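K.L.:
One predicted model, sequence on top.
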Amino acid sequence: MTASATSVANPLQGLATFQQSPWLDFIRRGFVQDGSLERLVQAGDIRGVTSNPAIFQKAMGEGTEYDAQMRDVLAHATPTPGDLYEQLAIRDIQAAAHVLEPVYAASAGRDGFVSLEVSPYLARDEDATAEEAARLWAAVDKANLMVKIPATPQSIPAIRRSIAAGINVNVTLIFSLAAYRDVVEAWLNGLEELHARGGDLSRVASVASFFVSRIDAKLDAEIDRRVKAGNKEADALRALRGQVAIANAKMAYAYWQQIMQTPRWKALEAAGAQTQRLLWASTGTKDPAYSDVLYVETLIGPHTVNTLPPATMDAFRDHGTPRETLTADVDQARHVMAEADRLGLDLDGVTATLLDEGVSAFEDAFDALLGSVAAKQVALMGNSLTTMKTSLPAELDATVAKGLEEWRRSGAIRRLWAHDASVWTNGPEASWLNWLSAVDAGLQNLDGLEAFQADVKARGFRHVLLMGMGGSSLGPEVLGMTFGKHDGFGHLFVLDSTDPQQVAHYAGQIDPAHTLFIVASKSGTTLEPNIMLAYFLDLARKALGEAAGAQFVAITDPGSKLEKLAQAEGFWKIFPGDPQIGGRYSILSNFGLVPAAAIGVPLRLFLHDAQRGAHLCDASAPPAVNPGVRLGAILGLAAREYGRDKLTVIATPEIADFGAWLEQLVAESTGKQGRGIIPLDNETPGGLKHYGKDRLFLYLRLAPSHRHEQDETVAALMEAGQPVITITLHERRQIAQEFFRWEIATAVAGAFLGIDPFDQPDVESNKVETRKLTEAFEKTGALPPEAPFARFGALSFLADTANTEVLTSNAPDSAAAVLHAHFKRLRAGDYAALLAFIVRNRRTMEWMQHNRLHVRDVCNVATTAQFGPRFLHSTGQAYKGGPDTGVFLQITADDAHDLPVPGTRYTFGVVKAAQARGDFDVLVERKRRALRVHIHGDLHEGLAALASALHDALQAIAAEK
Ligand SMILES: O=C(CO)[C@@H](O)[C@H](O)[C@H](O)[C@H](O)COP(=O)(O)O
Ligand SMILES: O=C[C@H](O)COP(=O)(O)O
């Protein structure tokens with residue numbers, strides 16, 4: 001039985017007599033699946049369906065109707081929440097379109113449509129709207145689909161373009177006659193364009209959705225306000241209650257009638273075009289004082305549609321009176337409009353506001369909808385996603401919620417993904433955002449990377465030596481430490497030091513004939529990788545002769561000096577970097593993927609995990625459920641609003657190296673202009689009393705290997721009211737998700753801090769100072785002389801004038817006294833940093849750790865222990881550019897053995913010394929509290945002396961408390 005064959009059994013069906021189609025303003029899966037829609041259609045009650053973001057929000061936001069399809073989709077892929085929503089919505093729309101096909105067929109394509117709205121986020125963007133309309137049209141692939149496009153000034157041209165492309169369009173959110181005129185013009189223009197191209201006009205259907213009841217709701221409120229205020233025209237105003245919306249609609253209809261008489265339309269009609277029908281939307285009664293069928297009964301007329309919410313549909317079926325009203329009392333309607341004008345009811349203002357409110361209400365609904373979809377997605381994906389739980393003081397929690405809501409309202413996450421620098425400082429940020437698409441690029445290049453991996457395996461390298469600094473080395477180091485050695489692949493050594501002992505140590509570990517050398521430098525001009533390369537190329541040449549280049553691979557930005565050198569030296573491979581990805585955001589690009597390939601990390605799985613991270617942090621994941629934005633808001637607001645800027649990392653040992661990568665990302669990105677976050681990696685937990693109010697704890701927990709005692713420590717921190725973020729990984733590979741989450745989080749934290757998270761001005765200053773010194777050395781064969789202000793045994797102390805004055809004011813007579821004066825400067829909220837330009841090995845690392853903890857436990861401040869020059873490309877930025885809360889002890893030492901740098905006059909030792917001096921110069925130039933201690937003679941004896949002096953100094957400080 002088709003709709004047209006149905007006898008008129010109720011008022012709804014009676015609308016057909018007046019050539020009005022009742023459509024249903026509602027959709028949801030169960031309603032279509034259980035045959036409810038079909039029954040209405042077959043009965044002849046309903047001849048079309050409309051949907052909008054608010055309707056889908058209600059449908060998908062509750063219950064489990066969509067779970068089965070979600071599970072199905074998620075079993076094969078990890079879409080973004082936006083894509084997932086779209087797949088669900090498209091299935092509903094297709095199913096409803098299928099139900100309405102008989103109506104469409106029986107009406108020869110004039111009726112029986114289902115509408116799907118373009119994303120409300122695009123309402124102010126012509127191109128994006130037109131593209132999305134075309135995309136949805138193709139994706140739904142049903143002749144009886146109507147794509148809904150809002151009638152914003154920006155979208156009107158997209159309506160023309162879509163009609164011209166043969167797409168059925170439902171123009172929505174029309175409130176004013178002026179907007180309706182523009183819509184009609186766009187529709188006519190579109191048809192004319194299509195006609196000129198020889199297109200089939202008869203298949204292009206369109207409706208213009210004129211919103212009704214919202215106008216009364218707004219104006220009635222204004223009328224009530226004026227009446228209450230004693231307006232002398234109270235009676236005239238009252239008479240307009242519930243009148244203007246209908247009168248406004250009648251004016252639109254009258255305009256449509258005029259258009260239908262124009263030669264322009266007649267020509268199109270003769271060419272087969274269908275008329276664009278007026279559709280009355282927003283026809284549910286809002287004011288209970290009015291009839292519940294008011295906006296149906298008053299607007300019945302030929303060639304129109306009324307889309308009814310279910311309650312209005314039921315009411316009209318029950319007690320509506322179908323009779324032609326649209327063409328009746330038109331003069332009265334004109335009078336109402338004139339009265340409204342005379343009384344100063346600002347209809348233009350109201351309709352403009354309603355359009356803005358309409359767009360933002362659909363945005364809000366879409367946010368809520370995507371939020372529910374994302375939350376469901378996360379729940380269904382279970383342990384295939386890393387999870388984040390937070391335990392925050394109530395005040396911070398509330399501030400974060402406010403910050404997230406602010407991000408939602410301002411659409412900041414969409415702007416971030418759209419590479420819009422207004423998220424940050426409106427500076428050069430947009431040029432540094434390709435890391436957002438790095439995972440997709442990696443997946444596209446996967447075949448090439450896997451082929452490289454297979455070749456590496458086939459060549460049977462025993463070792464992989466990666467040379468690079470900061471962003472080029474810390475990521476690969478995490479991969480090496482986290483994933484370990486894979487069968488058939490070499491062991492990874494990461495060299496990011498200029499310490500001659502360190503270089504010699506690595507040289508001693510590898511056999512050049514069985515080593516794959518990877519030199520990684522984006523710029524290709526960084527001093528350290530260049531001299532490391534010079535050294536190891538020389539070493540390899542000595543062992544392998546001219547064939548040495550074939551053992552080398554370079555990762556560098558296209559056109560760099562390093563690229564040229566690699567070509568000249570006949571390197572095996574040169575992998576390009578992306579000039580629009582900064583070093584510390586490069587782990588998921590070739591800078592991480594090539595080393596990952598070289599050590600046998602399963603790339604496809606790794607990238608799919610990274611993709612999970614990226615998709616869950618997508619623009620379509622609203623801030624409150626976006627794992628990256630949530631984390632970023634906590635980091636940024638904890639630092640900005642509460643001075644909780646010491647991000648203290650506790651991690652399951654198996655994934656603990658992540659902290660070194662994270663330190664660079666967070667510190668170098670945020671630590672500038674006196675603001676920022678100071679990450680503290682690997683600070684062994686201590687008693688609660690050692691932690692001040694400047695801490696924010698991060699517990700990175702690898703569930704399968706978690707340590708009970710760490711869980712307990714963290715529980716105690718939470719108990720004590722310290723803010724704790726717990727991120728749980730269910731397997732190591734999920735570190736890839738965390739790489740992406742932290743990149744987004746850092747960028748977001750940067751936005752909250754009001755800085756550019758993609759530059760590193762103070763690292764650059766350090767490089768400049770170092771270059772000056774090495775250039776001076778090239779010329780003179782010596783570094784400029786320097787004079788310690790004190791020497792005690794093997795320990796010399798150096799500082800600038802300002803620091804020296806403070807440190808010598810009490811005429812220190814021992815190393816302990818100098819150190820006492822130095823660390824005595826620590827205040828609550830400060831941090832102490834040990835910055836050692838010495839060989840980095842287990843023994844020295846233990847020394848550093850022991851002494852940093854000693855400082856923490858006596859001074860109750862946050863501490864960090866860093867090796868130079870490694871940290872110069874990482875946390876060094878924040879030490880110099882971040883908050884002035886650091887107290888720095890730089891440690892340098894004589895080199896027992898030095899190594900020449902081939903092709904230069906200097907040695908590794910000279911470079912390292914220049915770097916330490918450059919570092920110190922910039923620190924003091926920034927007026928930081930800094931002291932340098934230089935160890936003469938044997939390093940370990942000197943370290944022992946220093947530890948003992950420090951011990952005495954700290955004991956004195958403790959005694960003074
Ligand atoms: O499809 C359309 C219009 O084309 C409808 O879904 C339209 O969006 C709705 O009728 C309105 O949003 C409902 O408005 P209201 O009852 O919330 O004021
Ligand atoms: O973090 C980046 C380091 O400063 C190294 O830079 P590069 O990759 O250009 O050599």
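P.N.:
Done, it's in. Ligands and ions are numbered 1, 2, ... in the order given.
K.L.:
any idea which element Trp280 lies in?
P.N.:
Take DSSP states H and E as the rule and Trp280 turns out to sit in strand 276-281.
K.L.:
With Lys767 instead?
P.N.:
Going by DSSP H and E, Lys767 is in helix 761-780.
K.L.:
In PDB, list the C-alpha atoms belonging to that helix.
P.N.:
Taking Å, rounded to 0.1, in the frame of the first residue of the first chain, the C-alpha atoms of helix 761-780 are listed here in PDB:
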ATOM      1  CA  PRO A 761      64.200  31.400  21.500                       C
ATOM      2  CA  ASP A 762      66.500  30.600  24.500                       C
ATOM      3  CA  VAL A 763      67.800  27.400  23.000                       C
ATOM      4  CA  GLU A 764      68.700  29.500  20.000                       C
ATOM      5  CA  SER A 765      70.600  32.000  22.200                       C
ATOM      6  CA  ASN A 766      72.500  29.200  23.700                       C
ATOM      7  CA  LYS A 767      73.500  28.000  20.200                       C
ATOM      8  CA  VAL A 768      74.600  31.500  19.400                       C
ATOM      9  CA  GLU A 769      76.800  31.800  22.500                       C
ATOM     10  CA  THR A 770      78.300  28.400  21.800                       C
ATOM     11  CA  ARG A 771      79.000  29.200  18.200                       C
ATOM     12  CA  LYS A 772      80.800  32.400  19.200                       C
ATOM     13  CA  LEU A 773      83.100  30.400  21.500                       C
ATOM     14  CA  THR A 774      83.900  27.600  19.000                       C
ATOM     15  CA  GLU A 775      84.500  30.200  16.300                       C
ATOM     16  CA  ALA A 776      86.900  32.000  18.600                       C
ATOM     17  CA  PHE A 777      88.600  28.700  19.200                       C
ATOM     18  CA  GLU A 778      89.000  28.100  15.500                       C
ATOM     19  CA  LYS A 779      90.700  31.400  15.200                       C
ATOM     20  CA  THR A 780      92.800  31.500  18.300                       C
END
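K.L.:
Nearest residue to the residue of the stretch 351-500 of the chain found nearest ligand 1 in space, please, no chain neighbours.
P.N.:
Here the stretch 351-500 of the chain gets closest to ligand 1 at one residue, Gly358, 7.3 Å apart by C-beta to the nearest ligand atom. In this view, the C-beta of every residue, glycine as well, is placed from N, C-alpha and C. Closest residue to Gly358 apart from its sequence neighbours, by C-beta to C-beta, 6 or more residues apart in numbering: Leu173 at 4.5 Å.
K.L.:
And for the residue of the stretch 401-550 of the chain found nearest ligand 2, nearest residue in space, chain neighbours not counted?
P.N.:
Residue of the stretch 401-550 of the chain nearest ligand 2, by C-beta to the nearest ligand atom: Gly470 (2.5 Å). The shortest distance from Gly470 to any non-neighbouring residue, by C-beta to C-beta, 6+ apart, is to His873 (2.9 Å).
K.L.:
and that neighbour, how many residues sit next to it?
P.N.:
27 (other C-beta atoms under 10 Å).
K.L.:
cool, Ala130 as well?
P.N.:
Using other C-beta under 10 Å, Ala130 has 23 other residues around it.
K.L.:
Which neighbouring elements make contact with whatever helix or strand comes next after the helix holding Lys767?
P.N.:
Following helix 761-780 in sequence order, the next helix or strand is strand 790-792 (DSSP H and E). Helices and strands touching strand 790-792, by 3 or more C-beta pairs under 8 Å, 6 or more residues apart in numbering; DSSP states H and E, are strand 795-798, helix 815-823.
K.L.:
Out of those, which is closest to ligand 2?
P.N.:
Across the helices and strands packed on strand 790-792, ligand 2 has its closest neighbour in strand 795-798 (25.7 Å, C-beta to the nearest ligand atom).
K.L.:
List the buried residues for the following helix or strand past that closest one?
P.N.:
Using DSSP H and E, the helix or strand that follows strand 795-798 in sequence is helix 801-808. Buried residues in helix 801-808, defined by neighbour count with 16 or more other C-beta atoms under 10 Å: Asn803, Thr804, Leu807, Thr808.
K.L.:
quick one on the thing from earlier: compare the helices and strands packed on strand 790-792 and give me the one nearest Val400.
P.N.:
Val400 sits nearest to helix 815-823 of all these, at 34.1 Å, using C-beta to C-beta.
K.L.:
ok and that closest one relative to helix 801-808, angle-wise?
P.N.:
Here helix 815-823 runs at an angle of 120 degrees relative to helix 801-808 (axes from the mean of the first three to the mean of the last three C-alpha atoms, to 10 degrees).
K.L.:
could you say what helices and strands helix 815-823 packs with?
P.N.:
Packing partners of helix 815-823 (3+ C-beta pairs under 8 Å, 6+ apart): strand 790-792, strand 795-798, helix 801-808, strand 886-893, strand 929-935, helix 939-960.
K.L.:
With mean pLDDT and distance to ligand 2 added, can I get those in a markdown table?
P.N.:
Below are the helices and strands packed on helix 815-823 laid out as a markdown table (pLDDT from 0 to 100; distance: least, C-beta to the nearest ligand atom, whole Å):
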| stretch | mean pLDDT | distance to ligand 2 |
| --- | --- | --- |
| strand 790-792 | 98 | 34 |
| strand 795-798 | 98 | 26 |
| helix 801-808 | 98 | 27 |
| strand 886-893 | 98 | 19 |
| strand 929-935 | 98 | 21 |
| helix 939-960 | 98 | 26 |
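K.L.:
Which of these sits closest to ligand 1?
P.N.:
strand 886-893 (55.9 Å).
K.L.:
Compute the inter-axis angle for that closest one and helix 815-823.
P.N.:
On the basis of the same axes, to 10 degrees, strand 886-893 is oriented at 150 degrees to helix 815-823.
K.L.:
now the angle from the strand or helix carrying Leu194 to strand 276-281?
P.N.:
Element membership for Leu194, per DSSP H and E: helix 177-196. Between helix 177-196 and strand 276-281, the angle comes out at 140 degrees (the same axes, to 10 degrees).
K.L.:
Can you list the buried residues in helix 177-196?
P.N.:
For helix 177-196, a neighbour-count test (16+ other C-beta under 10 Å) marks 177, 179-180, 182-184, 186-192, 194-195 as buried.
K.L.:
what's the answer for stretch 417-431, then?
P.N.:
Within stretch 417-431, the residues scored as buried using 16+ other C-beta under 10 Å are Trp417, Ala418, His419, Asp420, Ala421, Val423, Trp424, Thr425, Glu429, Ala430.
K.L.:
again with stretch 237-251
P.N.:
Buried, per 16+ other C-beta under 10 Å, within stretch 237-251: 237, 240-251.
K.L.:
can you tell if that stretch touches ligand 1?
P.N.:
No. Against ligand 1, stretch 237-251 shows no contacts by C-beta under 6 Å from any ligand atom, the least distance being 10.4 Å.
K.L.:
cool, stretch 195-207 as well?
P.N.:
No. Using C-beta under 6 Å from any ligand atom, stretch 195-207 stays clear of ligand 1, coming no nearer than 6.8 Å.
K.L.:
Listing request: residues of this structure with sub-threshold pLDDT.
P.N.:
For the chain, the stretches with pLDDT under 70 are 1-7.
K.L.:
run the last query once more with 80
P.N.:
1-8 (pLDDT under 80).
K.L.:
So which bits of it are right by ligand 2?
P.N.:
Residues of the chain lying near ligand 2 (C-beta under 6 Å from any ligand atom): Met469, Gly470, Gly471, Ser472, Ser521, Lys522, Ser523, Thr526, Pro529, Gly583, Arg584, His873.
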